[in-house]
Each structure stands twice: as C-alpha cells, then as structure tokens.
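> model this:
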Amino acid sequence: MQNNIYKLLIVCTGNICRSPMAEGMLKASLPSRLAGRVQVSSAGTHALHGNQAQPHAIAVMRARGIDISSHRARQISGPLIKSADLVLVMERFHLKLVKMRSLFSPARSQLLTEYNGEGEPSDVPDPMGGDIDAYEEAAAVIDNCIKGVCDHLDAIIKA
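Modelled structure (predicted):
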C-alpha cells in the first residue's frame with residue numbers, strides 16, 4: 001500500500017466487457033470508510049488502448065445504476081501490475097499472463113471468483129460477441145464476488 005492508498009487492478013482480455021463492469025460494481029459497492037483509501041482500476045491482457053466499453057456492458061451497468069460509458073481500455077504492463085496491491089483476474093489464462101508479465105508473488109494475483117463465497121473458483125464467462133443475456137450472465141457472476149472483495153478490503157485496510 002503506497003501513500004495509504006490500496007491499489008486494486010481488475011484484469012480481463014480486452015478491458016471492454018468484464019473488467020470495466022467489475023471496476024464499476026466495485027467502486028459503487030466500496031464501504032464508505034474505504035472511500036479515498038482504495039483505488040480500483042482495470043486493464044486487459046490484449047486490450048487495444050482507448051477502446052470504449054462494449055455497448056451491452058454499458059447497458060447492463062446502466063440498468064444497475066452504474067455508468068461506465070467513459071471507460072477507455074488499456075493494456076496491462078509490468079509496472080502497472082507491480083504497482084497494484086492486488087490483481088483480480090477473470091480467467092485462469094489471465095492469471096498466467098499476469099504472473100509472466102510481472103514475475104511477482106502468486107498471492108498478489110487471484111481469480112475474482114475466489115471471493116464468490118460458494119464453491120470452487122471458476123472463470124467468469126466472456127460475453128464478448130454475445131447478446132445482452134451473455135453480459136447479464138457475466139455481470140451476475142461478477143456481482144456474486146463483489147461483496148467478498150469488499151469484505152476482504154474492509155478486513156485488511158485498517159482505519
């Protein structure tokens with residue numbers, strides 16, 4: 001934790017569907033005592049810098065009262081990953097890429113679904129190219145993990 005700011009990075013493939021949805025949900029769900037103490041951002045393993053979030057992702061989040069329309073994709077990098085206190089990824093494939101890119105401890109990168117509180121961690125389904133129902137399904141999986149992430153942050157970040 002640098003300057004008393006805990007940096008959490010969320011990673012998916014293109015940084016235009018799952019990770020921006022997760023970033024928006026987590027920002028909207030952070031306990032008030034963590035406001036200003038946790039920085040949530042996202043990036044993609046194969047992102048094209050500057051791409052907007054997919055229209056279905058924006059619509060699904062808008063229906064939940066979360067605006068991700070200003071999101072712009074960015075590519076992960078070694079320095080970006082190393083500056084994070086925790087990296088949460090959508091798929092096991094992303095976990096391998098993050099570890100190869102940064103050569104840092106596996107304890108600092110995890111599948112997002114490790115926080116779902118039920119069953120074994122799994123990949124968050126990639127809705128890219130699917131209809132709005134595919135985005136709703138991915139958002140539901142992500143949403144099931146957000147409370148666990150918030151609880152984790154609340155427990156490790158002391159007042």
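> Now the element after the host helix or strand of L8, going C-ward?
Per DSSP states H and E: L8 is located in strand 6-12. Beyond strand 6-12 in the direction of the C-terminus, DSSP H and E gives the next helix or strand as helix 18-29.
> Can you tell me what sits against that following helix?
Contacts with helix 18-29, where a contact means CB atoms under 8 Å, 6 or more residues apart in numbering, come from 8, 10-12, 40-44, 53, 57, 60-61, 64-68, 71, 73, 88, 90, 112, 124, 126-127, 135, 138-139, 142-143, 145-147, 149-150. Bear in mind the C-beta positions are built from the backbone N, C-alpha and C, glycine included.
> Now a ChimeraX select for only the buried ones of the residues you listed.
Buried residues within the contacts of helix 18-29, by 16 or more other CB atoms under 10 Å, are selected in ChimeraX with:
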select :8,10,11,12,40,41,42,43,44,53,57,60,61,66,68,71,73,88,90,112,124,126,127,135,138,139,142,145,146,149,150
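> Out of the contacts of helix 18-29, which sit inside helices?
57, 60-61, 135, 138-139, 142-143, 145-147, 149-150 (DSSP state H).
> farthest pair in these?
Y135 and C150 (22.2 Å; CB to CB).
> Where does pLDDT dip in this protein?
Counting by pLDDT under 70, the chain shows low-confidence ranges at 1-2, 103-107, 159.
> how about 90 then?
The model of the chain has pLDDT under 90 over residues 1-4, 35-36, 47-48, 50, 77-83, 96-108, 117-120, 157-159.
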